[in-house]
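**Q** Next one to model:
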Amino acid sequence: MKTMSAREAKNAFGLMIDTARAEPVCIEKHGRGVVVVVSVEEYERLCALKDRKDQTTAGGGGNGNARA
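**A** Numbers count the residues shown, from 1 in each chain. So this is what the prediction gives:
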């Protein structure tokens, strides 16, 4: 994952966008990561993974707490 300071991201916004289309970009403020910029395609992929996970855990299988 590429890392940029908030100042670098602001001053080179176009570069940050181009980079984020290829790989996530961590934006740091005072040396600490505060946000990650990802492409729309990566965001949609992550949302689809979460949706699939939510569907498999929502209605399936017992958790051992059923009462007779």
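**Q** ok, the nearest residue to Glu23 once chain neighbours are set aside - contacts?
**A** Spatial nearest neighbour of Glu23, excluding adjacent residues (Cβ to Cβ, 6 or more residues apart in numbering): Lys2 at 5.9 Å. The way it works is simple: take the backbone N, C-alpha and C, and place the C-beta from them, glycine included. Lys2 is in contact with 19, 23-26, counting by Cβ atoms under 8 Å, 6 or more residues apart in numbering.
**Q** can you pick the most crowded of the residues you listed?
**A** Highest neighbour count within the contacts of Lys2, by other Cβ atoms under 10 Å: Val25, with 23 neighbours.
**Q** And that residue, how close does it get to Ala48?
**A** 21 Å (Cβ to Cβ, to the nearest Å).
**Q** Check Ser5 too.
**A** Distance from Ser5 to Ala48, by Cβ to Cβ: 31 Å.
**Q** higher neighbour count, those two?
**A** The residue with more neighbours, out of Ser5 and Ala48, is Ser5; 13 against 10, by other Cβ under 10 Å.
**Q** for the more buried one, phi and psi?
**A** The phi/psi pair for Ser5 (degrees, to the nearest 10) reads phi -80, psi 160.
**Q** Enumerate the beta-bridge partners assigned to it.
**A** Beta-bridge partners for Ser5, by DSSP bridges, are Glu28.
**Q** for it, what are its contacts?
**A** Residues counted as contacts of Ser5 (Cβ under 8 Å, 6+ apart) are 27-29.
**Q** pLDDT score for it?
**A** Confidence at Ser5, expressed as pLDDT, is 98.
**Q** likewise Arg67?
**A** Reported pLDDT at Arg67 in the predicted model: 51.
**Q** do the same with Ile27
**A** 98.
**Q** isn't it right up against Val35?
**A** Yes. Using Cβ atoms under 8 Å, Ile27 is in contact with Val35, at 4.9 Å.
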